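J.: with the sequence up front, the predicted model follows.
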Amino acid sequence: MSGAEQVGGTAAGSGGAPSGDGHAAPRHLRQGFQAVRWQEPLIMEMGTEGERGVLPPPLEPGIRAVVGDPAALIPAGLARPELPNLPELAQPQVLRHFMRLSQMTMGTDITIDLGLGTCTMKYSPKVNEFLARSPKMADLHPWQPDESVQGILEIAYRFGRMCCELSGLDAVSFQPSSGAQAIFANASIIRAYHEANGQGDTRDEIITTIFSHPADSATPAVLGYKLIVLYPDEKGYPNLEQLEAALSERTAGLLITNPEDTGLYNPHIKELTDAVHAAGGLCSYDQANLNGIMGIARAREAGFDLCHFNLHKTFSSPHGSMGPGCGAVMVRQACAVSCPVRWWSSTASATSSTTTYRRASARCGPSWGTRKWCCAPTLG
């Protein structure tokens, strides 16, 4: 692996042909389906010069008299020196092009056999698609007064407490817009934690595993960390001896997926996190594969200081196949000072039974964060 050290094990994958041991094929296996396949060109290869799908009306004289030439309002540094190279098509051509592409695209409304990286796909009820598109969510202004959106803030606050309970950790942020952004946020929190303790320069190594999500390697590398990658032993996952050989006074943290992307759950995970803590590092749990263990095993009991949930995988946030998404970050109290976790807060009134919900100023993303939390708690 370029730019990283390999420790232990073998790089062999876990796949392979069926063993022919007599196991029955899965029930409800649908066979004989032939998907539509169009010989569809790229949209840039279609159309005719001068063809248009939309003809904007000319600027009305009354408006021009007030604002002048709209082109003159564009700063010179932002003006294009030449027109962009855009496809020139009529509306019916555009519609037919994307309809044909849609017929070649599989989705969870048709089959569960959709593979998208490490996504464990789940069904999102259509009512949640409706909620995500509601103007009450989509049209929220970033500076809208908290007093005018108490219902929305309460949903976010209460769901945040659910995430803390499910993880066993103390604080939550819905700011990251994807799982990879959540991992990047956690790696940044690890860095800030060590900097606050005067060890930011010396603790410059992150340990991960070859079958953890690739973002567990990529995001700390972006932050400048040196990577140490553990490989599986004969049981399919890294062991404690490999980890101990990689630990040192330079260890900043462990970023690991469990179950890994092979589907194997490492039952010795607590031993691994204990060893990292003994070396002075922090442990971040990539829970992209949470579906099979949610409510059974929590990040806290496994010894993690940070974790994230993919609301678009495990909960009922709509999954747009590479976007939109939300990586909810949860942290222990010791890490909360370095995380935009004080985003939702509640204050009970001393004179009534009402509670006021507010946003805090600390954040790393949009003012409202990623609004996929709006429908995540509705899947019972």
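T.: On my side now, so go ahead. Residues are numbered from 1 along each chain as shown.
J.: tell me the mean pLDDT for stretch 184-197?
T.: The pLDDT scores in stretch 184-197 average 93.
J.: next, Leu254: secondary structure please.
T.: Using DSSP: H, G, I helix; E, B strand; the rest coil, the structure places Leu254 in strand.
J.: since we're on Val229, how many residues are nearby?
T.: If you count neighbours by other Cβ atoms under 10 Å, Val229 ends up with 24. Placement of C-beta: from N, CA and C, glycine included.
J.: Arg191 against Val222, yeah?
T.: No - with contacts defined as Cβ atoms under 8 Å, Arg191 does not count as touching Val222, sitting 11.2 Å away.
J.: who's more crowded, those two?
T.: More neighbours surround Arg191 than the other of Arg191 and Val222, with 22 against 11 (other Cβ under 10 Å).
J.: per-residue confidence for Gly263?
T.: At Gly263, pLDDT is 85.
J.: roughly how far apart are it and Tyr237?
T.: As for Gly263, its distance to Tyr237 is 11 Å (criterion: Cβ to Cβ, to the nearest Å).
J.: higher neighbour count, these two?
T.: Tyr237 (24 against 12).
J.: wait, a strand at the more buried one?
T.: No - counting by three-state DSSP, Tyr237 is not found in a strand; it is coil.
J.: for it, give me its contacts.
T.: By Cβ atoms under 8 Å, 6 or more residues apart in numbering, Tyr237 lies in contact with 209, 211, 260, 262, 264, 266.
J.: in strands, which of these appear?
T.: Residues of the contacts of Tyr237 located in strands (DSSP state E): Thr209.
J.: and the helices in the stretch 1-150 of the chain?
T.: 61-67, 91-103, 126-133, 135-138, 150-167 (DSSP state H, counting those that start in this stretch).
J.: what pLDDT, on average, does the longest one get?
T.: To tie it back to what came earlier, the one meant is helix 150-167. Helix 150-167 comes out at a mean pLDDT of 88.
J.: same check, this time on the third one
T.: Mean pLDDT, taken over the full extent of helix 126-133, equals 78.
J.: check the second one too.
T.: Mean pLDDT, taken over the full extent of helix 91-103, equals 91.
J.: how about residues contacting that helix?
T.: In contact with helix 91-103 (Cβ under 8 Å, 6+ apart) are residues 35-36, 38, 40, 43, 46-47, 53-54, 89.
J.: dump the residues you listed to TSV, plus neighbour count and distance to Gly253.
T.: Output for these, formatted as TSV (neighbours: other Cβ atoms under 10 Å; distance: Cβ to Cβ, whole Å):
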residue	neighbour count	distance to Gly253
Ala35	10	44
Val36	9	47
Trp38	12	48
Glu40	15	46
Ile43	15	44
Met46	16	49
Gly47	18	51
Gly53	14	51
Val54	7	51
Leu89	18	50
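J.: which among those residues gets closest to Phe184?
T.: Ile43 (32.3 Å; Cβ to Cβ).
J.: how near is the closest one to His308?
T.: Ile43 sits 36 Å away from His308, taking Cβ to Cβ as the criterion.
J.: need the worst-confidence member of the contacts of helix 91-103.
T.: Among these, pLDDT bottoms out at Ala35, giving 71.
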